[in-house]
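Asks: Coordinates for the following, if possible.
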Amino acid sequence: MKLDKKQTFLVGLAFMSIIAFWEVYDNVIPVMLKSTFGFSDTATGAVMGIDNVLALFMLPFFGALSDRTKTRIGRRMPYILGGTLVTSVFVMLLPIAQQTKNLILFMIALAVVLLAMSTYRSPAVALMPDVTPKPLRSKANAIINLMGA
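Replies: Model prediction:
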């Protein structure tokens with residue numbers, strides 16, 4: 001039995017996009033909140049903590065939901081594709097809201113981005129075991145984690 005490296009790489013792209021998103025989010029959003037909207041450190045920390053609180057409830061919910069989903073494109077892909085699309089659209093509104101100093105648009109776009117990220121984070125992580133035979137999962141997991149490093 002041989003690991004399908006192409007398939008593993010494609011699965012790893014979902015994980016890599018999650019890691020890349022959070023790196024940018026954690027470094028850019030606090031600066032936007034402070035410099036553009038005049039948030040204090042405390043207010044910025046509160047906003048930045050929203051994704052952690054949201055994750056406590058949403059990640060298990062969407063993970064369990066994707067476990068029970070059956071579509072012709074698979075159990076996980078509707079959440080991965082939908083979440084990626086919504087995140088991509090609404091993340092583009094953040095710099096627009098910043099440039100126009102529109103706090104309401106910024107907060108709505110940020111909330112939608114965080115919700116959309118929650119819809120595909122667990123399904124993306126659960127995708128590898130779905131498509132990789134059990135004896136090859138350690139190898140596939142190593143490749144995917146290197147992609148996200």
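Asks: residue contacts, Thr119?
Replies: 58, 62, 79, 82-83, 86 (C-beta atoms under 8 Å, 6 or more residues apart in numbering). Yep, even glycine has a C-beta here, placed from its N, CA and C like the rest.
Asks: closest to Gly148 among those residues?
Replies: Gly83 (16.8 Å; C-beta to C-beta).
Asks: Show me what the host helix or strand of Ile96 packs onto, helices and strands only.
Replies: Ile96 belongs to helix 93-99 when assigned by DSSP states H and E. Here helix 93-99 touches helix 5-35, helix 103-131, going by 3 or more C-beta pairs under 8 Å, 6 or more residues apart in numbering; DSSP states H and E.
Asks: now those as JSON lines including mean pLDDT and distance to Ala140?
Replies: Shown next, in JSON lines, are the helices and strands packed on helix 93-99 (pLDDT from 0 to 100; distance: least, C-beta to C-beta, whole Å):
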{"stretch": "helix 5-35", "mean pLDDT": "93", "distance to Ala140": "5"}
{"stretch": "helix 103-131", "mean pLDDT": "94", "distance to Ala140": "6"}
